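okay, sequence plus prediction incoming.
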Amino acid sequence: MKNYWKMTTAQLEEEAARHHIAEYVTPDGIISRRLIIEQLIAIENARNMSISRWAMVVSLSTAAVNIILTIGTALLR
């Protein structure tokens with residue numbers, strides 16, 4: 001995870017634009033670093049959760065194939 005708090009405001013705005021984050025200016029017209037950072041962290045967390053789910057699916061699929069191969073080998077003996 002990137003350390004967003006060390007980024008300059010300009011760098012955070014670039015990240016916000018890259019991720020299509022638009023809601024980070026306060027009603028007073030002030031750029032809220034906190035709002036940008038919170039949304040960037042939420043995006044990263046969602047991406048990590050998606051990767052974790054796929055890793056679990058691959059692991060379970062591999063386990064199922066191994067079980068099937070083991071049973072098949074045992075039946076052929």
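That came in fine, so what should we check first? Numbering: from 1, shown residues only.

can you give me the strands in this structure?
With DSSP state E, there are no strands along the chain.

show me where it dips below the pLDDT cut-off.
By pLDDT under 70, the weakly predicted segments of the chain are 1, 51, 54.

and for L75, the neighbour number?
Other residues within reach of L75, judged by other C-beta atoms under 10 Å, total 7. C-beta coordinates here come from the backbone N, C-alpha and C atoms, glycine included.

where's the residue nearest to the spatial centre of the chain relative to I68, distance?
In the chain, the residue lying closest to the centroid (C-alpha atoms, centre = their mean) is R47, at 1.7 Å. With distances taken as C-beta to C-beta, to the nearest Å, R47 is found 32 Å from I68.

next: I36.
49 Å.

who's more crowded, the two?
A direct count of neighbours by other C-beta under 10 Å for I36 and I68 places I36 higher, at 23 against 10.

ok, the more buried one touching I21?
Yes: the criterion here is C-beta atoms under 8 Å, and I36 meets it with I21 at 6.3 Å.

mutual contacts of those two, please.
Common contacts of I36 and I21 (C-beta atoms under 8 Å, 6 or more residues apart in numbering): E15.

buried set for stretch 5-17?
M7, L12, E13, E15, A16 (16 or more other C-beta atoms under 10 Å).
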